[in-house]
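A.B. asks: okay, sequence plus prediction incoming.
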Amino acid sequence: MTLNNLTLIDIISECWPDPSDTILGYLSPKDLNNLSQVDHSRRDSPMIKRIWEKAEKNLDYSPNPEKSSAENFYVFAKDLVSRIEKYPEEQVPQDIRELFKPTEKMTSSIEEVCKLQKFIKARDTLIVWRKLAERAGITLDFPEEFKSAKATIEFARGFTDWMNKDENKASLQSISNLDLSDKKLIFIPQQLGNLDLKSLNLSHNQLISIPKTLGNLKNLEVLDLSANELTSIPKELGNLTNLISLYLNNNQFTSIPEALQTLKKLTTLGLSKNQLTAISSVLESMTSLTSLYLNGNQLTSISSELGSLTNLETLGLSENQITAISPVLGTLTNLVNLDLRKNQLTSVSPELGTLTNLIHLDLRDNQLTSISPVLRTLTNLIHLDLRGNPLTLISAVMGSFENPGVYKLDNLSLRLKQTLISAPLSRMNRITGVVVSNIFQCCM
């Protein structure tokens, strides 16, 4: 319908004393988006506020405070439709498909968007239900397909009763490992928190949130939430005090979640490929960490918070924007693997020389122009990768790595440009796994 915005507000106010119920079936996101453009006093009227309170109560999304309620809802509705469009056709009932319109022209009402979300929740519940039954060895009597969204939603409502049946409880509690990866899940049923899992894999889905009830999985040791669309995790996950490995890679975190600081047993934390710009103080209390992956973020420096992680053996800092090696790295003397490739390092600082347990050092694709004498102190180094650096000088220090009684280096990767070699080539050739190219370019 096409109505003048101002007239529409007046008509609604006059005709419906409490329009927040009736209006849900009539106004589309486009109408409501137009309403949000009305002058500020009208947009904030009690009637409009009641409409949005009801809409947000019925829907699970986090409004952007910088946008109007209508704009937030419009974005959310478009997002729901785009997600459902990714489902296999056989998983989408006809009545849901009929609601689809090109997202840029979407005109579904709030009521219809509620229906879309309820369908998604039901569809995801059924996927989890089937997987649990399979792992527990319980036979399910599921219809081959559901004719409508209503049928899907109604059937999914039986999930809780099924889990609570006495004859199913023992089998369900026997499940220790649950793999729900790569299922295109958007929502996770809160009932998963009633299980006794040790390992839960929710990676490679479309999750935008995690139910608080997962914090009830007190015996959980491994949780994989990588490759989703998470921007936060509930504080209740801090109750997972037996957690050993947590993977949050490939999400949309802009900071390290505060809930992690209570996970005292955590030894492996993956936060690669997020949007982190700094290493927060949250890490300071996580002194049991032995492996920390911060690759592929937007870090510009190595902050002092890492200094408390003295048990670290593996540290991934590749694909950031780090310009210098901080002295704090020198305190991590248990490091065995250090990945600093694809940063903006121009030199290797003396602090690196204290890492005498280092076996693998990756400095690929930085801005190093020479090989630092500091590397001479790394007597346990086996793999050193310096490819992709504008190296112009190999000092005599490289020859020192050959002393079989002291040095173990057997894999050196180099690509040299405009190179001046000050150590005999015969020494380089005796190091196995060496890659040297363009070594005579300076003479051509």
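C.D. replies: Everything's here; your move.
A.B. asks: the closest residue to Leu240 other than its chain neighbours: neighbour count?
C.D. replies: Nearest non-adjacent residue to Leu240, counting by Cβ to Cβ, 6 or more residues apart in numbering: Leu220, 5.2 Å away. Every residue, glycine included, has its C-beta placed from N, CA and C. The number of residues packed near Leu220 is 25, by other Cβ atoms under 10 Å.
A.B. asks: for Leu220, what are phi and psi?
C.D. replies: Dihedral angles of Leu220 (phi, psi; degrees, to the nearest 10) stand at phi -60, psi 130.
A.B. asks: ok, it touching Lys198?
C.D. replies: Yes. Contact criterion Cβ atoms under 8 Å: Leu220 and Lys198 qualify, at 6.3 Å.
A.B. asks: which pLDDT does the model give the residue nearest to Leu240?
C.D. replies: For Leu220, the model assigns a pLDDT of 98.
A.B. asks: please give me every residue in contact with it.
C.D. replies: With contact set as Cβ atoms under 8 Å, 6 or more residues apart in numbering, Leu220 has these partners: Leu197, Lys198, Ser199, Leu200, Leu214, Leu240, Asn242, Leu243.
A.B. asks: ok, the fifth one - contacts?
C.D. replies: Residues touching Leu214, when contacts are defined by Cβ under 8 Å, 6+ apart, comprise Ile188, Leu192, Gly193, Leu200, Leu220, Leu223, Pro234, Glu236, Leu237, Leu240.
A.B. asks: against Pro189, how distant is the residue lying closest to Ser174 once chain neighbours are set aside?
C.D. replies: Counting by Cβ to Cβ, 6+ apart, Ala136 is the residue found nearest to Ser174 once chain neighbours are left out, at 6.9 Å. Ala136 is 15 Å from Pro189, where distance means Cβ to Cβ, to the nearest Å.
A.B. asks: okay, now the unreliable bits of the stretch 1-150 of the chain?
C.D. replies: 1-65, 67-74, 99-111 (pLDDT under 70).
A.B. asks: quick one, phi psi at Leu317?
C.D. replies: Residue torsions, per degrees, to the nearest 10, at Leu317 are phi -130, psi 20.
A.B. asks: show me where the stretch 251-400 of the chain has strands.
C.D. replies: Counting by DSSP state E, counting those that start in this stretch, the stretch 251-400 of the chain has strands at residues 268-270, 291-293, 314-316, 337-339, 360-362, 383-385, 393-394.
A.B. asks: direction included, what does the fourth one pair up with?
C.D. replies: Taking DSSP bridges as the criterion, strand 337-339 forms sheet pairs with strand 314-316 (parallel), strand 360-362 (parallel).
A.B. asks: which stretches in the stretch 151-300 of the chain count as helices?
C.D. replies: For the stretch 151-300 of the chain, the helices defined by DSSP state H, counting those that start in this stretch occupy 159-164, 166-173.
A.B. asks: who touches the last one?
C.D. replies: The contact list for helix 166-173, computed with Cβ under 8 Å, 6+ apart, reads Leu132, Ala136, Gly137, Ile138, Trp162, Met163, Leu195, Asp196.
A.B. asks: list only those of the residues you listed flagged as buried.
C.D. replies: When those are checked for burial by 16 or more other Cβ atoms under 10 Å, the buried set is Leu132, Ala136, Met163, Leu195.
A.B. asks: which segments of this protein make up each domain?
C.D. replies: Following automatic domain parsing, the chain resolves into domains at 1-175, 179-443.
A.B. asks: for this structure, longest helix please?
C.D. replies: For the chain, the longest helix by residue count, based on DSSP state H, is helix 110-136.
A.B. asks: packing partners of that one?
C.D. replies: Counting contacts by 3 or more Cβ pairs under 8 Å, 6 or more residues apart in numbering; DSSP states H and E, helix 110-136 is packed against helix 29-35, helix 46-58, helix 69-84, helix 94-97, helix 149-156, helix 159-164, helix 166-173, strand 177-179.
A.B. asks: could you redo the last one with a cut-off of 7 Å?
C.D. replies: On a contact count with 3 or more Cβ pairs under 7 Å, 6 or more residues apart in numbering; DSSP states H and E, helix 110-136 meets helix 69-84, helix 149-156, helix 166-173.
A.B. asks: that one to helix 166-173, inter-axis angle?
C.D. replies: Orientation of helix 110-136 against helix 166-173 (axes from the mean of the first three to the mean of the last three Cα atoms, to 10 degrees) gives an angle of 80 degrees.
A.B. asks: ok, Arg130 to Asp124 distance?
C.D. replies: 11 Å.
A.B. asks: who has more neighbours out of these two?
C.D. replies: Asp124 (22 against 12).
A.B. asks: right, and the more buried one touches Leu185 too?
C.D. replies: Yes. The pair Asp124 / Leu185 is scored as a contact, 4.9 Å apart, by Cβ atoms under 7 Å.
A.B. asks: and of the helices and strands packed on helix 110-136, who's closest to Arg341?
C.D. replies: When the helices and strands packed on helix 110-136 are compared by Cβ to Cβ, helix 69-84 sits nearest Arg341, at 34.8 Å.
A.B. asks: who's in contact with stretch 225-232?
C.D. replies: Contact with stretch 225-232 is made by 202-208, 210, 247-253, 257, 270, as judged by Cβ atoms under 7 Å, 6 or more residues apart in numbering.
A.B. asks: now, of the residues you listed, which are buried?
C.D. replies: 202-208, 210, 247-251, 253, 257, 270.
A.B. asks: returning to that earlier point: thinking the residue nearest to Ser174 is in contact with Ile175, fair?
C.D. replies: Yes. The criterion here is Cβ under 7 Å, and Ala136 meets it with Ile175 at 5.9 Å.
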